[in-house]
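[1] Quick one, fold the following:
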Amino acid sequence: MKINRYKKLVLCILLDAVGYVSFIIPGVGEFSDAVWAPISAWIMIKLYKGTAGKVAGVVSFVEEALPGVDVIPTFTIMWCYTEFFTEEKKEKSLSK
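    Below is the predicted model of the structure:
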């Protein structure tokens, strides 16, 4: 099933917001990061296929597992990367 690119952007923003929950609820932060890190990596791999998705999954896991770097919007950055910087998108824009 292919997801519309803007629906995927909204989903990515929401997933990044879930990662921010550890900052909102005091005392729950580290536990929620330990649970969220593997889940976010798995979702990233499912959203973005191929090598880029696997690399993004590892980055997402590390970003969520390390304290203090949860503020990086990994899902949204990956969406921007796939929309604006991948070869497939460059070829489409050049052929127009």
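
[2] quick one: low-confidence ranges for the protein?
    Using pLDDT under 70 as the threshold, the predicted model of the chain has low-confidence ranges 1-2, 88-96.

[3] go again using 80 as the cut-off
    For the chain, the stretches flagged by pLDDT under 80 are 1-3, 21-31, 67-68, 70, 87-96.

[4] residue closest to the middle of it?
    Note on the chain: the residue nearest the mean C-alpha position is Phe75, at 2.0 Å, using C-alpha atoms, centre = their mean.

[5] What sits closest to that one if chain neighbours are left out?
    Leaving aside its sequence neighbours, Phe75 sits nearest to Cys12 (C-beta to C-beta, 6 or more residues apart in numbering; 3.8 Å). Placement of C-beta: from N, CA and C, glycine included.

[6] For Ser40, see how far away Val69 is.
    Noted for Val69: a distance of 13 Å to Ser40, by C-beta to C-beta, to the nearest Å.

[7] Who has more neighbours out of those two?
    Set side by side, Val69 and Ser40 show unequal neighbour counts under other C-beta atoms under 10 Å, the larger going to Ser40 at 25 against 11.

[8] hang on, the more buried one packs against Ser60?
    Yes - taking contact to mean C-beta atoms under 8 Å, the distance of 4.7 Å between Ser40 and Ser60 places them in contact.
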